[in-house]
Structures are given as structure tokens and as C-alpha cells.
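Participant: one predicted model, sequence on top.
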Amino acid sequence: MYLKSIKIMKKILFPTDFSETANNAFVYVLEMAKAFKAEVLVLHVYSLPIVTYEGYPAYVAEVLDSVELNTFENFKDQIPYLKKIAEDHHFDLAKINYILEQGDLVSVIKKIAKKEQVDLIVMGTHGASGLKETFLGSNTGSVLSNVPVTLLCVPDNAKFNSIQKIAFTTRFRNKDYTALKQVVDFANGINAKVKCLYVRTADSDVEESVIERWRTNFEKESVSFFTVPDNDVETTVFDFITGQEIDILAMLTYKRSFFQELFRESFTKRMSYHTEIPLLVLHEK
């Protein structure tokens, strides 16, 4: 199981393509890093084109060298823009490291996350459709399925103001308890409150004594527990997000089928109305 305590968050990895969507997510990176006094790793991954010119290896090498040079120049040109965003948000530039890597996005992120012992990954997405691509797409979907690091997905419409309320969905399982502790650590670091939601369906098997034990165990934390009886889990979750004015939705997953279930058409449609809500995904493996 990979659930590092966010109390000791030291490094945040920020994969970027330098788009406006990514730059918007960078603000969240900076605010998280300020709150936890963490180091920021800005990562740009590029791939080389497949070039075949039989009999002319020197030509192939020249083309690839040109691509790498152009990529490096673009990377170098983009850094001042990120530094300007950091300065505007009063972040210590000495705590930002820039990494340019050639290769497969998934493999590189996995390698960097392990090598640098990254505690949090932050990525920008294009609203609900972008979230779906992020989770199920060929590249970033694999990142989420194969890199066991807590990840914050930031839709491009989510403009950072302050994070005051974090919703966490639970079924009161043991793995949820461990994840809730991590969410509470995260919330404490940014001075936010946690709203823990349990949707009690007709086939729910959670005993009231279990819920009360959780309440007792977290009574000294800024956690509120809500039990809502309803068989329509999706609608209940989204009504909760709206009614409680939630700033981040936190969820736990430990297998890819979760993503496939999560992004059914009905969920995606509802998520399109909540494209200002970042999604915090915690992994168990």
C-alpha cells in the first residue's frame, strides 16, 4: 500500500506541456508547495519522431539533433513564464527545479516520481472531458494506473482562490480509514475542513457502530461526517458538492476498473457542471 503521510510532503511533481491549462494548474502547485514548504519539480517530457532514411544515417542523426535542440530552446524560453507566475504568487524560486526528459510520458513520470520520492503529482485537465482523457487515455491514464502517487487533477476552469472544504467519499472500509487520515493531513496543511460523505444505499452493510467509531477517532480533527440515504450515488455526490460548496473532491482508488466506472457517460455529464472542482485521487496498491 502506498499512502505517504502528506504531513511530511517534501516534493511536488508538475508535468507540463506549457499550455494555459497547465499554467493554471501551476498556481495550485505553488500554493500547495507554499503551505507544505515543499520543493517543486517542473517536468517536461518530449518524444523524438520516428525517422527512417535508409542508407543515410547522418541525415537521421541531424534531424533528431535538430528536434532536440528546438525542444531545449522552447523549454528554456518557457521557464521565464513559470518563474513570473511563481514570483506573482510570492514563491521562492530556489525551490523550483526544471527537468527536461526525452521518452515515454508514463515511464518518465514513473521514473522521476520514484527517484525523487515525490509525494504529490499535480496535472491540468480540460474540464470533464479532459478528466476522462486523463484517467482513461493512452498516456496520462496509464500514469494514474501505474504511478502510485497521490494526484491532484486541476480542470482549466478551476481558478485558485482558497481551499476551505474538501469532500471525501467513503464506504467506511479499512482502506478508506487510512486514506481519510491522509486527506486530513492534506487539509490541515492548507487549513481546510474535510466533509466525509457516505451514501447509504439499500444494500449498504455498514453498521452504525463503525460510523460512530470513526467519528470518535477523528473528533479532534476538522472532519464532519454526513450519511445520506439514497440509491443514486452519483446524484447524491454531486448534490453534496454543490450544497456544501466543496473546493476539492477526494477519492480513493486501487484498481483501473474504478476509472472505467467513474467515467460513465452519466458521471461525465454531471462532472461537466463541476469543472471548477479539482479531483484529488489517492491510490492503494
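Facilitator: Received the coordinates, thanks. Model, not experiment: these values are computed from the prediction.

Participant: low-confidence regions, the stretch 151-285 of the chain specifically.
Facilitator: Of all residues in the stretch 151-285 of the chain, those with pLDDT under 70 make up the ranges 254-275, 285.

Participant: burial check on Phe75, number of neighbours?
Facilitator: 16 (other Cβ atoms under 10 Å). All C-beta spots, glycine's among them, are computed from the backbone N, C-alpha and C.

Participant: do I have it right that it meets His44?
Facilitator: Yes. Using Cβ atoms under 8 Å as the test, Phe75 is close enough to His44 to be in contact (5.6 Å).

Participant: quick check: neighbours shared by these two?
Facilitator: Counting by Cβ atoms under 8 Å, 6 or more residues apart in numbering, the common neighbours of Phe75 and His44 are Tyr98, Leu100.

Participant: for Val228, list the residues it contacts.
Facilitator: Leu197, Tyr198, Val199, Arg200, Thr236, Phe240.

Participant: should've said Glu245
Facilitator: Neighbour list for Glu245: Lys165 [criterion: Cβ under 8 Å, 6+ apart].

Participant: same check on Leu249?
Facilitator: Listed by Cβ under 8 Å, 6+ apart, the contact set of Leu249 reads Ile166, Ala167, Thr169, Val237, Ile241, His274, Ile277, Pro278, Leu279, Leu280.

Participant: and the helices in the stretch 101-250 of the chain, which stretches?
Facilitator: 105-115, 127-136, 140-146, 174-189, 208-217, 233-243 (DSSP state H, counting those that start in this stretch).

Participant: hmm, back to that, out of the contacts of Val228, who's nearest Gln182?
Facilitator: Nearest to Gln182 among the contacts of Val228: Leu197, at 16.5 Å, using Cβ to Cβ.

Participant: ok now do the closest one, which residues does it touch?
Facilitator: The neighbours of Leu197, taking Cβ under 8 Å, 6+ apart as the test, are Ala167, Phe168, Thr169, Thr170, Phe226, Val228, Thr236, Val237, Phe240.

Participant: how near is the second one to Ser224?
Facilitator: Pointing back at Phe168 there. Counting by Cβ to Cβ, to the nearest Å, the separation of Phe168 from Ser224 is 10 Å.

Participant: shared neighbours of the two, which are they?
Facilitator: Taking Cβ under 8 Å, 6+ apart as the contact definition, Phe168 and Ser224 share the neighbouring residues Val194, Lys195, Cys196.

Participant: dump these into CSV; add distance to Asn188 as well.
Facilitator: Putting those into CSV (distance: Cβ to Cβ, whole Å) gives the following:
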residue, distance to Asn188
Val194, 9
Lys195, 15
Cys196, 15
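
Participant: so what strands line up beside the strand or helix carrying Leu41?
Facilitator: Under the criterion DSSP states H and E, the helix or strand holding Leu41 is strand 39-46. Strand partners for strand 39-46, identified by DSSP bridges, are recorded as strand 11-15 (parallel), strand 96-102 (parallel).

Participant: of those, which is nearest Glu207?
Facilitator: Nearest to Glu207, of all these, is strand 11-15, at 38.6 Å by Cβ to Cβ.

Participant: pull the CA atoms of that closest one into PDB?
Facilitator: Only the C-alpha atoms of strand 11-15 are listed here, as PDB (Å, rounded to 0.1, in the frame of the first residue of the first chain):
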ATOM      1  CA  LYS A  11       8.300  17.200  -3.200                       C
ATOM      2  CA  ILE A  12       5.600  18.000  -5.700                       C
ATOM      3  CA  LEU A  13       5.900  16.900  -9.300                       C
ATOM      4  CA  PHE A  14       4.300  19.100 -12.000                       C
ATOM      5  CA  PRO A  15       4.300  17.500 -15.500                       C
END
